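Q: Structure, please.
(one chain, ligands or ions: 1)
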Amino acid sequence: MLSTLQKSSIFSFARLASTVTLHIDGVKSIEAPVGVRLDKVLKEQLPGFKNSCNGGAVCAKCVCEFGADDFAKLPAMGEDEADCLEDVELEGTNRLTCQMKVTSDMDGVHLKY
Ligand code: FES
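A: Okay, here's the model as predicted:
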């Protein structure tokens, strides 16, 4: 039989393993489920966030700027994303959120949209 503390620890671990916390524009934090495309999470939780081509890597509306320290925590950039960012002349720590799924490595990441 599990103690209350053991049950609490198991549930806390399960929650942490399935969601991460993202910090938005330095004023808000949201919970994001691991494995879900990031633009879909942001569209559901942030008023005004747009993903006009629904993940086509064409519109660049879903672009977010990530904190410099957080950039290395993001999944690798694919060719379609690199081409789109080059077309709209965005560099630095900008990424198309439609081109990545939320990973556990992204817990605590800071981003602006
Ligand atoms: S939704 Fe259009 S580029 Fe991401």
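
Q: who in the chain is up against the ligand?
A: In this structure, the chain approaches the ligand at residues 39, 51-62, 84, 96, 98, judged by C-beta under 6 Å from any ligand atom. To be clear about C-beta, it is placed using only N, CA and C from the backbone, and glycine gets the same treatment.

Q: Which one (most neighbours) among those?
A: Neighbours here are counted as other C-beta atoms under 10 Å. On that basis the top member of the residues of the chain next to the ligand is residue 96, with 29 neighbours.

Q: Break down the protein into its strands, ranges please.
A: For the chain, the strands identified by DSSP state E occupy 19-24, 28-33, 63-66, 94-96, 110-112, in order along the chain.

Q: Give me the residue at the spatial middle of this protein.
A: When the chain is reduced to its mean C-alpha position, the nearest residue by C-alpha atoms, centre = their mean turns out to be residue 38, at 4.4 Å.

Q: Please name the nearest non-neighbouring residue to that residue.
A: Closest residue in space to residue 38, ignoring its immediate chain neighbours: residue 97 at 4.0 Å, by C-beta to C-beta, 6 or more residues apart in numbering.

Q: Pull the contacting residues for that neighbour.
A: Taking C-beta atoms under 8 Å, 6 or more residues apart in numbering, we find residue 97 in contact with 37, 38, 39, 42, 51, 62, 63, 64.

Q: now swap in residue 37 and tell me
A: When the contact criterion is C-beta under 8 Å, 6+ apart, the partners of residue 37 are 55, 97, 98, 100, 101, 102.

Q: if we go to 6 Å?
A: When contacts are counted by C-beta atoms under 6 Å, 6 or more residues apart in numbering, residue 37 touches residue 101.
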